[in-house]
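Chemist: build me a structure from this.
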Amino acid sequence: MASELYPEASRALVDERNALAPDISEAFQAFQKKVFADGALPAKTKQLIAVAVAHVTQCPYCIKGHTRGALRAGASEQEIMEAIWVAAEMRAGGAVAHSLLATQSMHAATKKEG
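Modeler: Residues are numbered from 1 along each chain as shown. The predicted structure is shown next:
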(Lines give C-alpha, C1' and ligand atoms only; values in the text may rest on other atoms or scores of the structure.)
Protein backbone atom coordinates (compact mmCIF):
# COMPACT_ATOMS: atom_id res chain seq x y z
CA MET A 1 0.00 0.00 0.00
CA ALA A 2 2.97 2.33 0.33
CA SER A 3 2.79 5.21 -2.12
CA GLU A 4 3.24 8.95 -2.10
CA LEU A 5 -0.42 9.38 -1.27
CA TYR A 6 -0.65 6.59 1.33
CA PRO A 7 2.63 6.00 3.14
CA GLU A 8 3.02 2.70 4.95
CA ALA A 9 1.85 3.29 8.49
CA SER A 10 4.73 3.06 10.93
CA ARG A 11 5.10 3.44 14.67
CA ALA A 12 7.30 6.50 14.04
CA LEU A 13 4.62 8.27 11.97
CA VAL A 14 1.89 7.40 14.46
CA ASP A 15 4.01 8.60 17.38
CA GLU A 16 4.82 11.85 15.55
CA ARG A 17 1.14 12.46 14.74
CA ASN A 18 0.14 11.77 18.34
CA ALA A 19 2.89 14.04 19.72
CA LEU A 20 1.66 16.95 17.62
CA ALA A 21 -1.71 16.97 19.43
CA PRO A 22 -1.47 14.56 22.36
CA ASP A 23 -4.69 15.54 24.15
CA ILE A 24 -6.76 15.23 21.00
CA SER A 25 -5.05 11.99 20.06
CA GLU A 26 -5.80 10.48 23.47
CA ALA A 27 -9.42 11.64 23.28
CA PHE A 28 -9.83 10.14 19.82
CA GLN A 29 -8.35 6.82 20.95
CA ALA A 30 -10.73 6.74 23.93
CA PHE A 31 -13.62 7.55 21.58
CA GLN A 32 -12.61 4.70 19.26
CA LYS A 33 -12.53 2.24 22.15
CA LYS A 34 -16.00 3.32 23.28
CA VAL A 35 -17.47 3.20 19.77
CA PHE A 36 -16.22 -0.30 19.03
CA ALA A 37 -17.00 -1.81 22.45
CA ASP A 38 -19.97 -4.12 22.87
CA GLY A 39 -23.16 -2.15 23.44
CA ALA A 40 -26.59 -2.29 21.82
CA LEU A 41 -24.62 -3.67 18.87
CA PRO A 42 -21.97 -6.31 19.45
CA ALA A 43 -18.36 -5.42 18.58
CA LYS A 44 -18.41 -7.85 15.65
CA THR A 45 -21.37 -6.04 14.06
CA LYS A 46 -19.70 -2.68 14.61
CA GLN A 47 -16.52 -3.92 12.91
CA LEU A 48 -18.52 -5.25 9.95
CA ILE A 49 -20.21 -1.85 9.63
CA ALA A 50 -16.79 -0.22 9.76
CA VAL A 51 -15.48 -2.53 7.02
CA ALA A 52 -18.44 -1.57 4.82
CA VAL A 53 -18.05 2.17 5.51
CA ALA A 54 -14.29 1.96 4.91
CA HIS A 55 -14.98 0.60 1.44
CA VAL A 56 -17.43 3.42 0.71
CA THR A 57 -15.00 6.08 1.98
CA GLN A 58 -12.15 4.17 0.29
CA CYS A 59 -9.74 4.58 3.18
CA PRO A 60 -7.04 1.93 2.75
CA TYR A 61 -5.92 2.20 6.36
CA CYS A 62 -9.48 1.73 7.60
CA ILE A 63 -10.07 -1.20 5.24
CA LYS A 64 -7.02 -3.01 6.54
CA GLY A 65 -7.53 -2.12 10.20
CA HIS A 66 -11.24 -2.87 10.39
CA THR A 67 -10.91 -6.08 8.38
CA ARG A 68 -8.42 -7.26 11.00
CA GLY A 69 -10.71 -5.92 13.74
CA ALA A 70 -13.69 -7.80 12.31
CA LEU A 71 -11.69 -11.03 12.22
CA ARG A 72 -10.54 -10.50 15.83
CA ALA A 73 -14.17 -9.86 16.84
CA GLY A 74 -15.16 -13.22 15.38
CA ALA A 75 -16.40 -12.30 11.90
CA SER A 76 -15.91 -14.87 9.19
CA GLU A 77 -14.34 -14.05 5.84
CA GLN A 78 -17.77 -14.62 4.28
CA GLU A 79 -19.40 -12.09 6.65
CA ILE A 80 -16.71 -9.54 5.82
CA MET A 81 -17.22 -10.04 2.09
CA GLU A 82 -21.01 -9.74 2.45
CA ALA A 83 -20.51 -6.47 4.33
CA ILE A 84 -18.35 -5.23 1.44
CA TRP A 85 -21.08 -6.21 -1.05
CA VAL A 86 -23.64 -4.31 1.02
CA ALA A 87 -21.37 -1.27 0.79
CA ALA A 88 -21.03 -1.74 -2.97
CA GLU A 89 -24.80 -1.93 -3.40
CA MET A 90 -25.33 1.17 -1.28
CA ARG A 91 -22.72 3.09 -3.25
CA ALA A 92 -24.24 1.99 -6.56
CA GLY A 93 -27.72 2.56 -5.19
CA GLY A 94 -26.83 6.18 -4.50
CA ALA A 95 -25.92 6.67 -8.15
CA VAL A 96 -29.17 5.05 -9.26
CA ALA A 97 -31.22 7.15 -6.85
CA HIS A 98 -29.48 10.35 -7.93
CA SER A 99 -30.15 9.53 -11.58
CA LEU A 100 -33.63 10.88 -10.89
CA LEU A 101 -32.03 14.34 -10.64
CA ALA A 102 -30.53 13.91 -14.11
CA THR A 103 -33.82 12.58 -15.46
CA GLN A 104 -35.71 15.53 -13.98
CA SER A 105 -33.12 17.95 -15.42
CA MET A 106 -33.45 16.36 -18.86
CA HIS A 107 -37.24 16.76 -18.71
CA ALA A 108 -36.88 20.40 -17.66
CA ALA A 109 -34.37 21.10 -20.47
CA THR A 110 -36.63 19.43 -23.04
CA LYS A 111 -39.63 21.51 -21.94
CA LYS A 112 -37.60 24.73 -22.32
CA GLU A 113 -36.44 23.72 -25.79
CA GLY A 114 -39.94 22.60 -26.88
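Chemist: so for the host helix or strand of Met106, what gets flagged as buried?
Modeler: Take DSSP states H and E as the rule and Met106 turns out to sit in helix 77-113. For helix 77-113, the neighbour count (16 or more other CB atoms under 10 Å) marks 79-80, 83-84, 86-87 as buried. Backbone N, C-alpha and C define where each C-beta goes, glycine included.
Chemist: equivalent analysis for stretch 51-61, please.
Modeler: 51-55.
Chemist: ok, now how distant is Thr110 from Asp23?
Modeler: 58 Å (CB to CB, to the nearest Å).
Chemist: and Tyr6, by the same measure?
Modeler: In terms of CB to CB, Tyr6 sits 26 Å off from Asp23.
Chemist: those two: which is more packed in?
Modeler: Tyr6 (11 against 7; other CB atoms under 10 Å).
Chemist: contact partners for the more buried one?
Modeler: Tyr6 is in contact with 60-61, counting by CB atoms under 8 Å, 6 or more residues apart in numbering.
Chemist: so for it, what's the pLDDT?
Modeler: We have a pLDDT of 86 for Tyr6.
Chemist: over to Ala2?
Modeler: Confidence score, pLDDT, at Ala2: 62.
Chemist: which ones are touching the residue nearest the centre of the chain?
Modeler: Nearest to the geometric centre of the chain sits Ala54, at 2.0 Å (CA atoms, centre = their mean). By CB under 8 Å, 6+ apart, the contact set of Ala54 is 62-63, 66.
Chemist: at 10 Å instead, please
Modeler: Ala54 sits next to 60-67, 83-84, 87 when contact means CB atoms under 10 Å, 6 or more residues apart in numbering.
Chemist: excluding chain neighbours, give the residue nearest to it in space.
Modeler: Cys62 (3.6 Å; CB to CB, 6 or more residues apart in numbering).
Chemist: element containing the one you found?
Modeler: Applying DSSP H and E, one finds Cys62 within helix 60-72.
Chemist: tell me what angle that helix forms with helix 77-113.
Modeler: If you take axes from the mean of the first three to the mean of the last three CA atoms, to 10 degrees, helix 60-72 sits at 140 degrees to helix 77-113.
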